[in-house]
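[1] Take a look and give me a structure for this.
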Amino acid sequence: MCTAFVSIEPDSPAPVLLLSVRDEYLGRAWLPPGPHWPGRPGVVGGLDLAAGGTWLAVDPERRTAACLLNGFGPLAPATARLSRGELPLTAVRHGGIGHLDLAPYDPFHLVVVRPDGARVTSWGGSGRAEERELPRGLSVVLNDGLEGKAASRTTSERVRALMAARAAHFRARLTAAPRPHPGADGPAERAWGPWLPIVAGDGLALDEDAALVQRRDFGDGRVWGSSSISLLALGPGLLRYDFAAAPVAGAWEPVPLG
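    Numbers count the residues shown, from 1 in each chain. As a prediction, the model looks like this:
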């Protein structure tokens with residue numbers, strides 16, 4: 001149950017802010033953000049060791065970032081399936097994925113952010129992909145899509161309730177707090193101000209319905225939960241990326257972007 005919040009304020013020194021929380025089975029191995037792909041020089045992201053892709057990629061040269069959330073709907077044929085982890089890497093280099101045939105990919109939502117805005121592409125496994133440019137203000141993207149309104153959504157009332165609780169709690173908290181105006185330098189605490197303790201979990205227990213940073217034991221021997229949190233700020237002449245493993249136990253790490 002990954003979550004992404006995007007704040008767009010065109011008149012701000014940091015017009016576009018992205019908060020991305022990655023949720024995954026915690027046994028799935030990964031590496032922190034870095035330049036992990038020799039064939040894509042300059043691109044930075046966390047490395048999924050299982051499939052070789054990423055959940056969030058940044059291209060500093062193009063000042064573009066893309067984060068991936070799994071979606072709901074029919075799966076791609078196993079004999080032709082491609083890893084969704086390649087999609088953020090492709091999107092940051094091409095400005096999107098409109099040139100791709102999406103049939104080999106399982107359902108997903110891809111958020112692409114630029115210094116002047118953001119766009120969400122949602123693929124439900126069949127038909128045509130949905131594309132939406134995000135409006136000014138605060139938007140949330142869930143596994144049910146932008147504002148939980150994708151054409152292809154979960155059939156589980158429990159999962160839908162968890163997503164709704166999380167979106168409502170953290171939209172209210174982020175909206176009530178002063179919007180940050182991060183610069184390129186300085187510690188995360190100064191850059192993100194009152195948002196930082198909110199995005200780190202806001203004091204909620206890991207198993208609360210509204211938890212952004214979470215742990216869920218589904219009783220099959222595997223634990224699902226939040227593995228990392230990313231904060232990005234984009235604007236004219238600005239690109240900042242702060243990262244923390246979840247739950248946040250120490251300092252946030254600024255990600256070198258070359």
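
[2] what ranges do the helices span in the stretch 51-200 of the chain?
    87-94, 157-176, 188-192, 195-199 (DSSP state H, counting those that start in this stretch).

[3] for the first one, what is the average pLDDT?
    Computed over helix 87-94, the mean pLDDT rounds to 97.

[4] how far out from the middle of the chain is that helix?
    In terms of C-alpha atoms, centre = their mean, to the nearest Å, the centre of helix 87-94 is set 14 Å apart from its chain centre.

[5] again, but for stretch 167-177
    17 Å.

[6] hmm, who's touching that stretch?
    3, 5, 7, 19, 138, 140, 142, 147-148, 193-195, 198-199, 202, 204, 210, 212 (C-beta atoms under 8 Å, 6 or more residues apart in numbering). Where you see a C-beta, it was placed from the backbone N, CA and C, and this is true even at glycine.

[7] CA atoms only for it - export them in PDB, please.
    The C-alpha atoms that make up stretch 167-177 are tabulated as PDB, following Å, rounded to 0.1, in the frame of the first residue of the first chain:
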ATOM      1  CA  ALA A 167      -5.200   9.800   3.000                       C
ATOM      2  CA  ALA A 168      -7.600  11.600   5.200                       C
ATOM      3  CA  HIS A 169      -5.200  11.800   8.200                       C
ATOM      4  CA  PHE A 170      -2.100  12.900   6.400                       C
ATOM      5  CA  ARG A 171      -3.900  15.300   4.000                       C
ATOM      6  CA  ALA A 172      -5.200  17.100   7.000                       C
ATOM      7  CA  ARG A 173      -1.900  17.200   8.800                       C
ATOM      8  CA  LEU A 174       0.200  18.300   5.800                       C
ATOM      9  CA  THR A 175      -2.300  20.900   4.800                       C
ATOM     10  CA  ALA A 176      -2.400  22.300   8.400                       C
ATOM     11  CA  ALA A 177       1.400  22.600   8.600                       C
END
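
[8] which of the residues in it are buried?
    Neighbour-count burial for stretch 167-177 flags 167, 169-170, 173-174 (criterion: 16 or more other C-beta atoms under 10 Å).

[9] Thank you, goodbye.
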